[in-house]
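Chemist: Just the structure for this:
(chains A and B)
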Protein chains: 2
Amino acid sequence: MPVTQPAFSDWIKSTAAHIETVIDEFMTEADQTPERLHEAMRYAVLGGGKRIRAALVYAAGEASLSAGANLSSAQASALDHAAAAVELIHAYSLVHDDLPCMDNDDLRRGRPTVHRQFDEATAMLAGDALQPLAFELLAQMPVAPALVVQAVELLARSAGSLGMAGGQAIDCAAVGQSLTQDQLQLMHTMKTGAMLQASVLLGGIVVGAGSAAREGLERYAAAVGLAFQVADDILDVTADTAVLGKTAGKDQQANKPTYVSLLGVDGARDFLETLRLEAHAALRPLGPTGQRLAEIADYIVGRDR
Amino acid sequence: MPVTQPAFSDWIKSTAAHIETVIDEFMTEADQTPERLHEAMRYAVLGGGKRIRAALVYAAGEASLSAGANLSSAQASALDHAAAAVELIHAYSLVHDDLPCMDNDDLRRGRPTVHRQFDEATAMLAGDALQPLAFELLAQMPVAPALVVQAVELLARSAGSLGMAGGQAIDCAAVGQSLTQDQLQLMHTMKTGAMLQASVLLGGIVVGAGSAAREGLERYAAAVGLAFQVADDILDVTADTAVLGKTAGKDQQANKPTYVSLLGVDGARDFLETLRLEAHAALRPLGPTGQRLAEIADYIVGRDR
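Modeler: So this is what the prediction gives:
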């Protein structure tokens, strides 16, 4: 008799609660010197959020198991490390993104941003210190060192100048510019897509996914990474600040090119549906273990914040 | 017949020139999108400098060889990766340190700082992208994966909230405060010492140093890390801006606690000599292969900029 899986809405909630506990336990430096810095790091990372990246790590790990196999306790622990690592990188990027020299945002997930709650120097240093903590967590994964090395290289490339940080730089330079769809896509593939893709692939690496599974995961991740950004752009014009938990209409005000400014709301919605179908198609070779990843794709497309 | 070693003054110059070439070759993303970010990253890293950290990596690698042994080509390549990695972390920390929300400095090594040459957002992102590139270089070292994992964990801890970034946060909070020698020492052990220590230990890890050698390297590194900062504090009051290549007297102006404000110039000089002797003593177990490390300690103590 097959084990009954919890419904997706319960799974995603319990995954978010789980990673919150995991990160809390990993951040053991909390009460050590310098206390204010550690307080800011915890404030930045433990503020809740959707935890999509962590969910992708866990779901991709599950998807990479052979049919009927279970995670070993070492694999489960390594997934915790990897999931925490991608959430730390994501959190640091938000902290730096919100700084006055970047987006100058006061509100994040309904709370004051880190530099408003603390100060600019502390916010910058908290981000600077969250990044190496992510690599430290990967280095401590209890799996074969060769897999750890692959994971470190992937995270490093995805966070760097050809990934997230590079996409951020293109985004900054694009304010007030009109971009082609290709240019916009390159920016988002780097800025948001690279770390979402890394989340999916890290799950596969930890569990030792074969090359066919990795190929499916890569294709899935590319579609989902882009879908996330298209959905974000649509929400920026259709949701209000209270629901969103961050300032709505910000991109429009900043005259940033978005999928909505390029394709209109309806065109962006059509593109989003194309990406959702592509994500589902990419998962077919993985079989039934890919179910959670498929549900995450639907969730990303359907979310209202 | 023993091979004649080049004089130290030639060795340190050729090491600095070598690491400049190595970093240049590693930064192959240079002409890729986003070009301005990559230009800023190269500007930050390839501006010359003393390259003490790289020299420590190479000298510690040499010191960890058994008597009469030579580096394999894989070990030599791995030392290049490790030396570049510590220089990238150092460079990123200077870029962020110079930003208006931190030290607000206009001049570094006699040239405009990165945010003056480019802009604040680009400087922050260049620093953000240099950090993962350092971890990527470690992940690509051609040595046993288990050694790579050790190296990643060490660099991550040394750059993080209990190392360099943490020391930086204490430094920021200490402006206008009076610290005890213990508090000042903790700050510098984290801010400057951690990465100098990491440089020495990385050289040992790459070459597979045994535990006795590692212990000597750790003790040496602790003394040299502190000596570096004491020498810096003395130079801040005795050197002029032209020789120093950065704004002299900056710490005094900023009312920062230093070894000179705590011990006076003569007291700081006495402390520096004590640390030099401790560094030499720590190297004794390593035998004649530790010669370059001993010379680096003398160089750090005797430098005029």
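Chemist: how about the residue in the stretch 201-305 of chain A positioned nearest to chain B, what does it touch?
Modeler: With CB to the nearest CB, the shortest gap between the stretch 201-305 of chain A and chain B falls at A:Ile205, namely 12.2 Å. Placement of C-beta: from N, CA and C, glycine included. Neighbouring residues of A:Ile205 by CB atoms under 8 Å, 6 or more residues apart in numbering or on different chains: A:82, A:147, A:150-151, A:154.
Chemist: would it count as being in a helix?
Modeler: Yes: assessed by DSSP: H, G, I helix; E, B strand; the rest coil, A:Ile205 belongs to a helix.
Chemist: how near is the closest residue to A:Gly287 other than its chain neighbours to A:Ala213?
Modeler: Of all residues not flanking A:Gly287 in the chain, A:Ala67 sits nearest, at 6.3 Å (CB to CB, 6 or more residues apart in numbering or on different chains). Distance of A:Ala67 to A:Ala213, computed by CB to CB, to the nearest Å: 12 Å.
Chemist: So for those two, which sits in the more crowded spot?
Modeler: A:Ala213 (22 against 8; other CB atoms under 10 Å in any protein chain shown).
Chemist: State the phi and psi torsions of the more buried one.
Modeler: phi -60, psi -40 (degrees, to the nearest 10).
Chemist: Quick check: which element contains A:Leu65?
Modeler: A:Leu65 is located outside every helix and strand, with elements delineated by DSSP states H and E.
Chemist: okay, it: pLDDT?
Modeler: For A:Leu65, the model assigns a pLDDT of 90.
Chemist: what residues are up against it?
Modeler: Neighbours of A:Leu65 in contact, by CB under 8 Å, 6+ apart: A:71, A:207, A:289.
Chemist: rewinding a little: ok, the residue nearest to A:Gly287 touching A:Leu286?
Modeler: No: at 9.9 Å, A:Ala67 does not count as touching A:Leu286 under the criterion of CB atoms under 8 Å.
Chemist: Distance check, A:His81 against chain B.
Modeler: 12 Å (CB to the nearest CB, to the nearest Å).
Chemist: Which strand or helix spans that residue?
Modeler: Going by DSSP H and E, A:His81 is in helix A:73-98.
Chemist: List the buried residues for that helix?
Modeler: By neighbour count with 16 or more other CB atoms under 10 Å in any protein chain shown, helix A:73-98 contains the buried residues A:75, A:77-98.
Chemist: can you check stretch A:286-294 too?
Modeler: A:286, A:289-294.
Chemist: Narrow those to those in helices?
Modeler: A:291-294 (DSSP state H).
Chemist: Which members of these additionally contact chain B?
Modeler: Among these, no residue is within reach of chain B (CB under 8 Å from any CB of the partner chain).
Chemist: Identify, from those, the entry nearest to B:Gln229.
Modeler: A:Leu293 (50.1 Å; CB to CB).
Chemist: before we move on, the earlier item: now the contacts of A:Ile205 in TSV, with secondary structure?
Modeler: Shown next, in TSV, are the contacts of A:Ile205 (three-state DSSP):
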residue	secondary structure
A:Ala82	helix
A:Leu147	helix
A:Gln150	helix
A:Ala151	helix
A:Leu154	helix
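Chemist: can you put the residues you listed in JSON lines and add pLDDT?
Modeler: Converted to JSON lines, the contacts of A:Ile205 look like this (pLDDT from 0 to 100):
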{"residue": "A:Ala82", "pLDDT": "98"}
{"residue": "A:Leu147", "pLDDT": "97"}
{"residue": "A:Gln150", "pLDDT": "98"}
{"residue": "A:Ala151", "pLDDT": "98"}
{"residue": "A:Leu154", "pLDDT": "98"}
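Chemist: Looking at the residues you listed, state which has the most neighbours.
Modeler: The contacts of A:Ile205, ranked by neighbours (other CB under 10 Å): first place A:Ala82, 32 neighbours.
Chemist: So it is in contact with A:Met141, correct?
Modeler: Yes: taking contacts as CB under 8 Å, A:Ala82 lies within contact range of A:Met141: 6.8 Å.
Chemist: Common neighbours of the two, please.
Modeler: A:151, A:206.
Chemist: Give me the next element, helix or strand, following the helix holding A:His81.
Modeler: With DSSP H and E, the next secondary element past helix A:73-98 is strand A:107-108.
Chemist: State the next helix or strand along the chain beyond that following strand.
Modeler: That would be, after strand A:107-108 and using DSSP H and E, strand A:111-112.
Chemist: Would you give the sheet partners of that following strand, along with the direction of each?
Modeler: strand A:107-108 (antiparallel) (DSSP bridges).
Chemist: Helices of the stretch 201-305 of chain A, start to end?
Modeler: Here the stretch 201-305 of chain A has its helices, by DSSP state H, counting those that start in this stretch, at A:211-238, A:241-244, A:250-253, A:259-283, A:291-302.
Chemist: any weak-confidence spans in chain A?
Modeler: A:1-4, A:29-31, A:240-255, A:304-305 (pLDDT under 70).
Chemist: Burial check on the nearest residue to A:Lys191 once chain neighbours are set aside, number of neighbours?
Modeler: Spatial nearest neighbour of A:Lys191, chain neighbours left out: A:Gly167 (2.7 Å); criterion: CB to CB, 6+ apart. As a burial measure, A:Gly167 scores 27 neighbours (other CB under 10 Å).
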